[in-house]
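A.B. asks: next input, structure requested:
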Amino acid sequence: MSSLNLPNLLSLSRVFLAPVVMVILTMRTQFGSFLGMPLGDLLALLVFVVASVTDAADGYIARKRGMVTNLGKFIDPLADKILVTAVLVALVELQRLPAWIVVVVVSREFIVTGLRMVAAAEGVVIAASKGGKAKTVSQIVAISMMILDLPGGIWVMWVAMILTVWSGMDYLIKGKDFLSR
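C.D. replies: I've put the predicted structure just below:
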């Protein structure tokens, strides 16, 4: 089976769409406006949502069709982190989001990824938890609201950040045996 199958191509598309979202978002005023909103914000949201949907699609297709590969196991979580980090950094540049929130979110991602690497070295796979999935959904909703600069977006981002920290702590508690060796 080729490593460049449909699920892996979907994951790779997120890597390539991340800078596209950033450029559109940070150059949003260059695109004019639509319904009183910068057209660039709407375009950035569209690209971000399409990229986010590929996250659900790639895993579903890989499992359903038996197309799980080592490349997919590597690139899928990496692509998610690249996309989210890229958009969060753009939101900081636009002064819609405090940088410290980005540091908290990205730190959690490094910690969980490191824990998963240690577990994998021991032959153990730490699967995504329900908390991790809730974190992802809340981040997508919060980021979408922040892209559109909607009122209340920062509060939803706070909820996403809290879920991010909570799910990170959950992974650490479950992986404490690997860390204490």
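A.B. asks: doesn't residue 88 fall inside a helix?
C.D. replies: Yes. The assignment for residue 88 by DSSP: H, G, I helix; E, B strand; the rest coil puts it in a helix.
A.B. asks: enumerate the positions of the biggest helix by length in the chain that are buried.
C.D. replies: Ranked by residue count, the top helix of the chain under DSSP state H comes out as helix 39-64. Neighbour-count burial for helix 39-64 flags 39-45, 47-48, 51-52, 54-55, 58-59, 61-62 (criterion: 16 or more other C-beta atoms under 10 Å). C-beta here means a position set from N, CA and C on the backbone, and glycine is covered the same way.
A.B. asks: who does the helix or strand harbouring residue 155 touch, helix- and strand-wise?
C.D. replies: According to DSSP states H and E, residue 155 maps onto helix 153-174. Helix 153-174 sits against helix 99-121, helix 130-147, with contacts defined as 3 or more C-beta pairs under 8 Å, 6 or more residues apart in numbering; DSSP states H and E.
A.B. asks: tell me the most buried of those helices?
C.D. replies: helix 130-147 (a mean of 20; mean count of other C-beta atoms under 10 Å).
A.B. asks: got the contact list for that helix?
C.D. replies: 25, 41, 44-45, 48-49, 52, 55, 80, 84, 87-88, 91, 96-97, 105, 112, 152-154, 156-157, 159-160, 163-164, 166-167, 170-171 (C-beta atoms under 8 Å, 6 or more residues apart in numbering).
A.B. asks: now stretch 70-85
C.D. replies: 3-5, 7-8, 11-12, 14-15, 17-18, 21, 48, 51-52, 55, 58-59, 62, 102, 105-106, 109, 113, 116, 136, 139, 143.
A.B. asks: ok, now stretch 31-42?
C.D. replies: 24, 25, 27, 28, 29, 30, 43, 147, 148, 149.
A.B. asks: need the max-distance pair from these.
C.D. replies: Spatially, the most separated pair among these is 30 and 148, at 17.3 Å (C-beta to C-beta).
A.B. asks: these two: which is more packed in?
C.D. replies: Shown here are residue 30 and residue 148; by other C-beta atoms under 10 Å, residue 148 has more neighbours (16 against 11).
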